[in-house]
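>>> take a look and give me a structure for this.
(one chain, ligands or ions: 4)
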Amino acid sequence: MAIALSSAALSGKGTINPLTRVLHFDRNCYYSSTPKLKPIFSLSLKRPRFSSRAAATMSYDKELAAAKKACSLAARLCQKVQKALLQSDVHAKSDKSPVTVADYGSQAVVSFVLQKELSSSPFSLVAEEDSGDLRKEDGQETLQRITKLVNETLANGGTASPLSDQDVLAAIDSGKSEGGSLGQHWVLDPIDGTKGFLRGDQYAIALGLLDEGKVVLGVLACPNLPLQSLACHDQHTIQGKAGCLFFAQVGTGTYMQSLDGSEPRKVNVSCTENPEEASFFESYEAAHSMHDLTSLIAKKLGVKAPPVRIDSQAKYGALSRGDGAIYMRFPHRGYREKIWDHAAGSVVVTEAGGVVTDAAGKPLDFSRGRYLDLDTGIIVTNQKLMPTLLNAVQESLKEKASSL
Ligand SMILES: Nc1ncnc2c1ncn2[C@@H]1O[C@H](COP(=O)(O)O)[C@@H](O)[C@H]1OP(=O)(O)O
Ligand SMILES: [Mg+2]
Ligand SMILES: [Mg+2]
Ligand SMILES: [Mg+2]
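Ligands and ions are numbered 1, 2, ... in the order given. The predicted model follows:
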């Protein structure tokens, strides 16, 4: 099927801009049985701590409900800021302050809501932002804007007593945990895809929970992601509603609902086995992932469709519902991946039947602190395609290295 997508279409707006790209998507089909792993990569789907699906379901229900509430409220805050940003003039768009306000505001809201909803449990949060700049003299005006925004958002969510500037700083700074392999730690990217946020395109509020170093639940709020599959859009389709909330709990599958609260539906990754029919996602920003390398891999695989380039962990969400079949991410030399950029996304995809590994085929290890210690890149696809993808990745990396 040939379809056309524009950055405007992907961002949930109704116009097609001159950057419209023609894309081919595989037909969506879904896993119905427990996926089996091929031995080429050393992944374990064992779920320690749980002896049954029921036990897994019971274990994190309360945490999941709190995480969904926190991310939905933070998404409202971000939407409000992005709307104001897009209505402002061109000069204001290159100003970084709106995204700063939304980043801090989102982190404060998530932190506050989790602590309030789960007040009887110890709280540890590994989050991207800290309040250092807001505590400086020239940060006071920004802090006041953030506090106002946070209070407006929480009042809409039913919290009556307003927070002070100091409460907001404390909520942001509770994200300083180092994580690790012991106990439970929340992992938050308050706005993942800041570039997309500023452009008016895709971004996500990404929240995961680690238990003994494993991601046991994840929530991805994607305010600009269309509810309909990206594979269903064409040039002539009027853009439908946008705003998706993906959530997954280990052992129970992945679900998606609209951010304004529709009934959740179970989602599954694409089951295509033929790489020629597969489409692949990658970063919109060439500075975040090597587009030349992914194009070499795609050529080797025989992928016919051009890449679908979108920002943020919205890629994991879209992949979990089968909008495309592959996600490849190869940051430039020297970049260190952080756990908050993949924790929520990885559990959303794996619970939908997908596999997430580094370029050597190893599972991502979230137990080593704030950074992921991995080999070269991150690749994501369904169980059947992974061995083929891994081969193509490793051959392409060798070719690239020998051509240098
Ligand atoms: N130089 C870089 N290389 C790779 N990723 C980056 C780089 N700079 C920022 N990022 C992070 O990449 C992620 C989004 O990438 P993409 O949209 O391309 O998938 C975000 O987490 C973004 O951080 P941030 O959360 O601050 O936006
Ligand atoms: Mg990020
Ligand atoms: Mg971020
Ligand atoms: Mg950032």
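
>>> how about the strands in the stretch 1-150 of the chain?
Using DSSP state E, counting those that start in this stretch, the strands of the stretch 1-150 of the chain run over residues 2-5, 21-24, 125-127.

>>> and residue 124, how close does it get to residue 148?
28 Å (CB to CB, to the nearest Å). Every residue, glycine included, has its C-beta placed from N, CA and C.

>>> hang on, I meant residue 160
Between residue 160 and residue 148 the computed distance is 16 Å (CB to CB).

>>> who has more neighbours out of the two?
Each of residue 160 and residue 148 has its neighbours counted (other CB atoms under 10 Å); residue 148 has more, 15 against 6.

>>> so what's that one scoring on pLDDT?
Model confidence at residue 148, given as pLDDT, is 96.

>>> roughly how far apart are it and residue 263?
Counting by CB to CB - residue 148 and residue 263 are separated by 34 Å.

>>> just give me the residue closest to the centre of this structure.
residue 313 (2.3 Å; CA atoms, centre = their mean).

>>> surely that residue meets residue 192?
Yes: Residue 313 is within contact range of residue 192, at 5.0 Å (criterion: CB atoms under 8 Å).

>>> next, count neighbours for the nearest residue to residue 275 once chain neighbours are set aside.
The spatial neighbour of residue 275 that comes closest, neighbours along the chain excluded (CB to CB, 6 or more residues apart in numbering), is residue 301 at 4.0 Å. Other residues within reach of residue 301, judged by other CB under 10 Å, total 21.

>>> ok, residue 301 to residue 393 distance?
9 Å.

>>> near ligand 3 at all, stretch 331-350?
No: for stretch 331-350, no contact with ligand 3 is found by CB under 5 Å from the ion; the gap never falls below 7.3 Å.

>>> just stretch 312-329 next, same as before
No: judged by CB under 5 Å from the ion, stretch 312-329 stays clear of ligand 3, getting no closer than 8.5 Å.

>>> for that stretch, how far is the first residue from the last?
11 Å (CA to CA, to the nearest Å).

>>> could you give the mean pLDDT of it?
For stretch 312-329, the per-residue pLDDT averages 98.

>>> does stretch 194-206 come close to ligand 2?
No: Stretch 194-206 lies out of reach of ligand 2 by CB under 5 Å from the ion, never closer than 7.2 Å.

>>> close to ligand 1, is stretch 354-364?
No: in terms of CB under 6 Å from any ligand atom, no part of stretch 354-364 sits within range of ligand 1; the closest distance is 13.7 Å.

>>> comparing the strands of the stretch 1-150 of the chain by mean pLDDT, which bottoms out?
strand 21-24 (a mean of 28).

>>> hmm, back to that, anything in contact with each of residue 313 and residue 192?
204, 206, 341 (CB atoms under 8 Å, 6 or more residues apart in numbering).

>>> give me the pLDDT for the second one.
The one in question is residue 206. The model's pLDDT for residue 206 equals 99.

>>> that one: how many residues sit nearby?
Neighbours of residue 206 (other CB under 10 Å): 33.

>>> repeat for the one 4 residues further on
Neighbours of residue 210 under the rule other CB under 10 Å: 25.

>>> can you read off the pLDDT for it?
Reported pLDDT for residue 210: 98.

>>> likewise for residue 36?
31.

>>> and residue 240, by the same measure?
79.

>>> can I get the CA coordinates of the longest strand anywhere in the chain in CSV?
Identified as the longest strand of the chain according to DSSP state E is strand 214-226. Taking Å, rounded to 0.1, in the frame of the first residue of the first chain, the C-alpha atoms of strand 214-226 are listed here in CSV:
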residue,chain,number,x,y,z
LYS,A,214,14.0,-4.8,35.3
VAL,A,215,11.4,-2.6,33.7
VAL,A,216,8.1,-3.9,35.1
LEU,A,217,5.8,-1.2,33.8
GLY,A,218,5.8,1.6,31.3
VAL,A,219,3.5,4.4,30.3
LEU,A,220,4.0,6.6,27.2
ALA,A,221,1.8,9.6,26.7
CYS,A,222,2.1,10.8,23.1
PRO,A,223,-0.1,13.9,22.7
ASN,A,224,0.4,14.3,19.0
LEU,A,225,0.3,10.7,17.8
PRO,A,226,-2.8,9.9,15.8
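
>>> helices and strands around it, which ones?
helix 7-10, helix 61-87, strand 204-211, strand 242-249, helix 314-320, helix 343-350 (3 or more CB pairs under 8 Å, 6 or more residues apart in numbering; DSSP states H and E).
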